[in-house]
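Colleague: give me the fold of what follows.
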Amino acid sequence: MEDLIKNLTSQLNIDEGQATGGLGLLLKLAQDKLDLGDFSKITSIVGSDNINTLLSKAPNPESSGGLMGALGGLASSLGASKLGSLATLSAGFKQLNMGSDTLSSFGRIVVAHLKNEGGDDVKAAIKKFLG
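Modeller: Numbers count the residues shown, from 1 in each chain. Below you'll find the predicted structure:
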């Protein structure tokens, strides 16, 4: 995981707190969207201790009362889970002082790392998560 965090900080010009918080946000979304079996494939790469640490570093955009968190909750309640997820991620990245442009690059780096480390099983889980 240290390699991924170093990669994120150097490629995106962000600090370690932003990298761990953003990674926690993505993992929280994966945990919410995937069944236990698929999420365990990601956990096997990241490590269960690391997962818990990263999840604890993720901001909670829906509890902030911000517009993006509210939009994410509304979109999810209307069945637009991808839109709701994107709004929630965007709000969380904003809380970490990163813009939506960073979110796209951040996601690509994390997905590439997970696919590289986990092979076909993890690729299938990520496809379900990002669907």
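Colleague: whatever helix or strand Ser10 lives in - contacts with which helices or strands?
Modeller: Using DSSP states H and E, Ser10 sits in helix 2-12. Applying 3 or more Cβ pairs under 8 Å, 6 or more residues apart in numbering; DSSP states H and E, we find helix 2-12 packed against helix 16-33, helix 100-130. All C-beta atoms are positioned from the backbone trio N, CA, C, and that covers glycine.
Colleague: report the distance from that helix to the chain centre.
Modeller: With Cα atoms, centre = their mean, to the nearest Å as the basis, helix 2-12 stands 15 Å off its chain's centre.
Colleague: looking at the protein, which helix or strand is least sure?
Modeller: With mean pLDDT, DSSP states H and E as the measure, the helix or strand of the chain carrying the lowest mean pLDDT is helix 67-77 (a mean of 41).
Colleague: which one of the helices and strands packed on helix 2-12 lies closest to Leu4?
Modeller: helix 100-130 (4.9 Å; Cβ to Cβ).
Colleague: and the closest one, what does it pack against?
Modeller: helix 2-12, helix 16-33, helix 36-46, helix 81-95.
Colleague: how close does Pro61 sit to Ile51?
Modeller: Counting by Cβ to Cβ, to the nearest Å, the gap from Pro61 to Ile51 is 19 Å.
Colleague: same check on Leu27?
Modeller: Leu27 is 6 Å from Ile51, by Cβ to Cβ.
Colleague: same check on Ala112?
Modeller: 19 Å.
Colleague: equivalent analysis for Asn116, please.
Modeller: Distance from Asn116 to Ile51, by Cβ to Cβ: 18 Å.
Colleague: same check, this time on Glu2
Modeller: 15 Å.
Colleague: same check on Gln18?
Modeller: 18 Å.
Colleague: what residues are up against the one residue sitting closest to the centre of the chain?
Modeller: Note on the chain: the residue nearest the mean C-alpha position is Leu26, at 0.8 Å, using Cα atoms, centre = their mean. With contact set as Cβ atoms under 8 Å, 6 or more residues apart in numbering, Leu26 has these partners: 89, 106-107, 110.
Colleague: alright, calling it a day.
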